[in-house]
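1. only geometry, no sequence info:
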């Protein structure tokens, strides 16, 4: 960390606990056949790619998903199933972010969508009394607002360019290998966070 001045964090699996299996099970229960072919953590279908890059609205997403679920399933049930993967924000991780912000430029880069953004901020508010993740970062970047998603090199370059960051002085942390590989393309320092390790394990030695 000697030459690192900035840190870019992934969200799901790094700060926010998530479980993709729960969403797969929830959609299967709604009658979706072969949900894993539509979406998985590493590669979504064009529908999910479009949702995560803002090229389809939440309403358009719901209309498309209606074609895959059983008759009579409501928009609310689809939204609930989609949100099932979003679990909790461990307090110690949030405290670590606050500590790190005293020493580094802090940025968030998340492949997400309008439905999840609203939901995980609500989880943060309901459980920790904090209205938005933006309080922990100099700037938060969400793929559906950027028009790019990891591992597209443009997603990383946008963070670097808009904030005047040097790639060689910036550490990118993600739990998904393709996203790490994409970050290396633009010259970022990288850390592939693999369970059961968490960011607490990574930074604990530096913080005594």
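-> Looks like it arrived, so ask away. Worth saying up front: this structure is predicted, and the values here are computed from it rather than measured.
2. just how off-centre is stretch 65-75 within its chain?
-> Here stretch 65-75 shows a centroid-to-chain-centroid distance of 26 Å under the convention C-alpha atoms, centre = their mean, to the nearest Å.
3. what's the first-to-last distance across it?
-> Distance across stretch 65-75, first residue to last, is 9 Å (C-alpha to C-alpha, to the nearest Å).
4. which parts of it are buried?
-> Under the neighbour-count criterion of 16 or more other C-beta atoms under 10 Å, stretch 65-75 has 65, 68-69, 73 buried. Just so you know, the C-beta spots here come from the backbone N, C-alpha and C atoms, and that holds for glycine as well.
5. with stretch 94-102 instead?
-> Residues of stretch 94-102 classed as buried by neighbour count (16+ other C-beta under 10 Å): 94, 96-97, 100.
6. tell me the mean pLDDT over it?
-> Mean per-residue pLDDT for stretch 94-102: 96.
7. now do the helix or strand of the chain with the lowest mean pLDDT: which elements does it pack against?
-> Using mean pLDDT, DSSP states H and E, helix 35-38 stands out as the lowest-scoring helix or strand of the chain, at a mean of 78. Secondary structure elements in contact with helix 35-38, counted by 3 or more C-beta pairs under 8 Å, 6 or more residues apart in numbering; DSSP states H and E, are helix 20-29.
8. at 10 Å what do you get?
-> The helices and strands touching helix 35-38, judged by 3 or more C-beta pairs under 10 Å, 6 or more residues apart in numbering; DSSP states H and E, are helix 20-29, helix 46-52.
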